[in-house]
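Engineer: Output the structure for:
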Amino acid sequence: MKGKKFTEERIVAILKESNAGAATKDLCRRHGICEGTFYRWKAKYADMEISEVHRLKAAYSGPSRPLIPLGSRPPIPVDPGHPFRWKSAA
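Structural biologist: Numbering: from 1, shown residues only. Reported below is the predicted structural model:
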């Protein structure tokens with residue numbers, strides 16, 4: 001899958017151009033985006049400044065500590081004296 005083409009800063013700059021009075025079709029053609037993308041960005045980043053976008057991104061950045069891969073965890077210790085028996089299928 002392709003990565004993001006536009007950063008949040010660039011998206012906010014495009015939306016500010018629109019607020020300044022640029023026509024939506026011309027704006028979309030100039031930046032190479034479709035109108036659906038433009039209106040989706042407008043719904044998500046409506047009247048935000050760049051600092052607010054960074055704050056929003058930090059709030060949804062994911063887990064605060066790195067996840068441990070499954071293969072690197074130590075095995076579960078097994079007590080040989082434990083009376084563990086397999087149940088029969090019948």
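
Engineer: And the helix or strand containing Glu17, what's buried?
Structural biologist: Glu17 belongs to helix 8-19 when assigned by DSSP states H and E. Across helix 8-19, burial judged by 16 or more other C-beta atoms under 10 Å covers Glu8, Ile11, Val12, Ile14, Leu15. Where C-beta positions appear, they are placed from N, C-alpha and C, glycine not excepted.

Engineer: TSV for these, including pLDDT and distance to Glu49?
Structural biologist: Converted to TSV, the buried residues of helix 8-19 look like this (pLDDT from 0 to 100; distance: C-beta to C-beta, whole Å):
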residue	pLDDT	distance to Glu49
Glu8	86	11
Ile11	91	12
Val12	90	7
Ile14	92	14
Leu15	92	11
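
Engineer: Tell me the one of those residues nearest Glu35?
Structural biologist: When those are compared for distance to Glu35 (C-beta to C-beta), Ile14 wins out at 12.4 Å.

Engineer: Skip the chain neighbours and tell me the closest residue to the closest one.
Structural biologist: His31 (5.8 Å; C-beta to C-beta, 6 or more residues apart in numbering).

Engineer: May I have the predicted confidence score for that neighbour?
Structural biologist: Predicted confidence (pLDDT) for His31: 93.

Engineer: Output the below-cut-off pLDDT ranges for this structure.
Structural biologist: 1-3, 61-68, 70-75, 82-90 (pLDDT under 70).

Engineer: so how many other residues sit close to Thr24?
Structural biologist: For Thr24, the count of nearby residues is 12 (other C-beta atoms under 10 Å).

Engineer: so what's Glu17 up against?
Structural biologist: Leu27 (C-beta atoms under 8 Å, 6 or more residues apart in numbering).
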